[in-house]
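>>> when you get a sec, could you give me coordinates for this:
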Amino acid sequence: MGTVPFNHVSLFVDRPHGEVYVLDANCVHIFNASGMELYQYDIDPSFGSYISLTVEPTGDILGLGYAVDGSGAWTIQRFDYRGEPREALPIQGLPADYADFRPSAIFLAKDSLFLVSKTQMLVVVMDRSGAFRKGWNLGSLIEVPEKERDITQISGLSVDDSGALLFTVPVQFRAYVVSPEGTVVSFGKGGSAPGQFGVLAGIGLAPAKTRDVNRRGRSLAGPSRSRRSRRAHARGG
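You can find the predicted model right below:
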């Protein structure tokens with residue numbers, strides 16, 4: 001009993017099963033809806049250093065990991081619900097302009113896998129077999145100069161059940177939503193008044209379909225409409 005301390009971890013909520021996964025280095029902790037730890041296991045470091053995971057409807061786990069040799073090579077590995085490795089997901093059809101893509105998060109929504117690089121501000125969407133479907137350059141969509149993207153970066157990030165991508169950019173004091181069709185909306189500005197942001201953190205979609213944005217431990221409900229809206233250009237079909 002008591003509080004389990006964590007720092008700089010990756011979280012995933014498995015809503016259908018009412019469980020929360022915490023990836024702490026290569027150790028996976030699984031909690032139930034009451035906050036009780038049900039199970040934990042370590043991922044063999046020979047499979048890589050893991051930074052993000054998502055859970056399939058079958059209960060299998062997809063983990064995003066990097067080789068420990070410093071080569072920068074990354075893989076998606078499928079594990080069963082007890083953490084036993086099953087197979088690596090082959091990445092197919094990644095375009096040449098994504099050759100240096102370095103994902104930092106993985107999501108599953110509407111039978112598609114979303115890989116996101118927060119520092120490069122890039123998104124790759126694949127089917128569940130690992131075949132490329134389309135890519136988004138978020139830096140271009142929100143008009144961040146390429147030379148400034150590594151210092152601009154994305155902070156909070158999530159994908160809702162429709163396949164919409166939600167993210168925050170702390171240096172802009174703004175939150176963004178990219179629809180599956182490629183429409184971009186944004187809201188927010190710096191300040192301490194209601195609806196304004198100080199230091200932005202996470203973002204998600206609440207059950208009532210308002211955007212819940214976290215600001216240093218405080219939660220703010222974002223507007224359902226934006227002052228800004230324009231069309232995104234998605235690569236692929």
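
>>> looking at it, Gly59 is touching Glu19, isn't it?
No. Using CB atoms under 8 Å, Gly59 is not in contact with Glu19, being 9.6 Å away. Every C-beta, even on glycine, is put in place using the N, C-alpha and C of the backbone.

>>> between these two, which is the more surrounded one?
Relative neighbour count places Glu19 above the other of Gly59 and Glu19, with 18 against 13, counting by other CB atoms under 10 Å.

>>> how about the more buried one, what does it touch?
When contacts are counted by CB atoms under 8 Å, 6 or more residues apart in numbering, Glu19 is found next to 13, 30-33, 38.

>>> 6 Å instead?
With contacts defined as CB atoms under 6 Å, 6 or more residues apart in numbering, Glu19 is in contact with 30, 32.

>>> bridged to it, which residues?
Using DSSP bridges, the bridge partners assigned to Glu19 are Asp14, Asn32.

>>> any idea how far it is from Asp111?
Distance, Glu19 to Asp111, using CB to CB, to the nearest Å: 21 Å.

>>> I'd guess Val4 is in a helix, am I close?
No. Using DSSP: H, G, I helix; E, B strand; the rest coil, the secondary structure at Val4 is coil, not a helix.

>>> looking at it now. What's its pLDDT?
Val4 is assigned a predicted lDDT (pLDDT) of 76.

>>> could you measure from it over to Gln40?
Val4 sits 10 Å away from Gln40, going by CB to CB.

>>> okay, these two: which has more neighbours?
Gln40 (13 against 10).
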